[in-house]
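**Q** Build the 3D model from these lines:
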Amino acid sequence: MTWILSPLAAIGAAVLGALAFNGRIAIFAGQTLSHFLRPPFYPKEILQALMSVGYFSLPVVGLTAVFTGGALALQIYSGGARFNAEAVVPQIVAIGMVRELGPVLVGLMVAARVTSSIAAEIATMKVTEQIDALVTLSTHPMKYLTVPRVLAGLIMVPVLVGVGDVIGIMGGYLVSTNSLGFNEAAYLTNTVNFIEMRDVISSLVKGAAFGFIATLLGCYYGMNTGRGAQGVGQATKSAVEAAAVLILAANFILTSIFFSI
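**A** Numbering: from 1, shown residues only. Just a heads-up that it's a prediction; the model follows:
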């Protein structure tokens with residue numbers, strides 16, 4: 001009977017491990033949110049986090065969005081040509097960038113850049129006992145390290161998503177008007193007329209959710225890192241992997257909520 005029970009035990013262990021992980025993340029998220037409105041506050045740390053998450057992420061977000069928008073326009077034009085539907089390029093580029101590609105790509109870029117940075121920074125602080133020093137100085141590590149970064153993710157990632165949406169649409173515009181023969185005014189008119197307020201709201205809500213996930217997991221894995229350089233590397237890798245998977249899962253859930261038929 002061992003050969004039958006062993007696979008079942010492995011599956012059960014995996015399920016229990018996943019549930020335990022979700023529980024630990026939920027508790028950590030609840031503790032973080034509970035500190036948002038309670039003093040003391042650290043405005044310098046918050047400002048630094050806003051700059052790190054938002055301003056310094058603009059180059060990679062902009063480049064990713066403009067090339068994605070241009071490639072999307074080429075693909076839609078090529079596919080639409082099979083059905084004599086090339087004229088739908090402006091509308092599909094706009095809705096594709098605003099509803100899906102803009103938020104998801106920005107979320108994944110933030111996970112790659114910000115989550116890894118936060119996890120490595122906090123994990124290094126824990127390994128070198130700087131977090132213990134904060135406790136000795138009567139400074140709550142979650143107030144000083146986690147809250148500013150998660151708050152920055154909630155505020156700045158929606159801004160990055162909005163900027164990425166606009167740049168991605170402009171990338172499609174540049175390719176369509178310069179290479180595919182579209183009229184500039186007609187392209188912009190079709191884009192503006194096709195986008196609805198619900199599309200914009202869903203994009204920004206996704207940005208806030210993805211920013212929360214990316215920064216929260218970076219802090220969580222940093223705070224719970226193992227010892228030594230290997231622990232820092234493992235925490236960084238695990239944080240990025242978990243953030244990317246949860247961002248994609250959250251995208252599916254939010255899309256189902258906003259656009260369910």
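**Q** From here on, just use CA atoms for contacts and neighbour counts.
**A** Fine.
**Q** I'd like to check which residues are in contact with residue 113.
**A** For residue 113, the contact set (Cα atoms under 8 Å, 6 or more residues apart in numbering) comprises residue 57.
**Q** Could you list the low-confidence segments of the chain?
**A** 1-5, 261 (pLDDT under 70).
**Q** how close does residue 149 sit to residue 211?
**A** For residue 149, the distance to residue 211 equals 10 Å [Cα to Cα, to the nearest Å].
**Q** ok, those two, which is more surrounded?
**A** residue 211 (34 against 31; other Cα atoms under 10 Å).
**Q** does that one really touch residue 154, like I thought?
**A** Yes - with contact defined as Cα atoms under 8 Å, residue 211 reaches residue 154; the gap is 5.3 Å.
**Q** What segments of this protein are helices?
**A** Ranges of helices in the chain, per DSSP state H, are 2-34, 43-53, 58-80, 89-96, 102-110, 116-127, 130-136, 141, 147-179, 184-194, 197-223, 228-259.
**Q** Who are the packing partners of the shortest one?
**A** On a contact count with 3 or more Cα pairs under 8 Å, 6 or more residues apart in numbering; DSSP states H and E, helix 141 meets helix 130-136.
**Q** Same question for the second one.
**A** Of the remaining helices and strands, those touching helix 43-53 by 3+ Cα pairs under 8 Å, 6+ apart are helix 147-179.
**Q** So what's the gap between the helix it packs on and the chain middle?
**A** Helix 147-179 has its average C-alpha position 12 Å from the chain's average C-alpha position, going by Cα atoms, centre = their mean, to the nearest Å.
**Q** mind listing what's buried in that helix?
**A** Judged by neighbour count using 16 or more other Cα atoms under 10 Å, the buried positions of helix 147-179 are 147-176.
**Q** now residue 28: how far from residue 150?
**A** 12 Å.
**Q** Contacts only, for residue 159.
**A** 54, 204, 207.
**Q** quick one: which of those residues is most hemmed in?
**A** Most surrounded of the contacts of residue 159: other Cα under 10 Å gives residue 207, at 29 neighbours.
**Q** How about it, nearest residue that isn't a chain neighbour?
**A** residue 158 (4.3 Å; Cα to Cα, 6 or more residues apart in numbering).
**Q** Which residue lies nearest the spatial centre of the chain?
**A** residue 107 (2.3 Å; Cα atoms, centre = their mean).
**Q** just checking, it touches residue 211?
**A** Yes - with contacts counted by Cα under 8 Å, residue 107 reaches residue 211, the gap being 6.8 Å.
**Q** For these two, list the residues in contact with both.
**A** Joint contacts of residue 107 and residue 211 (Cα under 8 Å, 6+ apart) are residue 157.
**Q** now residue 215: how far from residue 108?
**A** Taking Cα to Cα, one finds residue 215 at 12 Å from residue 108.
**Q** neighbour count winner among these two?
**A** residue 215 (30 against 22).
**Q** The more buried one and residue 118 touch, don't they?
**A** Yes - using Cα under 8 Å, residue 215 makes contact with residue 118 at a distance of 7.2 Å.
**Q** Now for these two: what residues contact both?
**A** Joint contacts of residue 215 and residue 118 (Cα under 8 Å, 6+ apart) do not exist.
**Q** who's in contact with residue 49?
**A** 148, 149, 152.
**Q** same question, residue 104
**A** Per Cα under 8 Å, 6+ apart, neighbours of residue 104: 247, 248, 251.
**Q** and the gap between the closest residue to the first one other than its chain neighbours and residue 145?
**A** Taking Cα to Cα, 6+ apart as the measure, residue 247 lies nearest to residue 210, with 5.7 Å between them; neighbours along the chain are not counted. Distance of residue 210 to residue 145, given as Cα to Cα: 19 Å.
**Q** what about those two, which has more around it?
**A** residue 210 (31 against 22).
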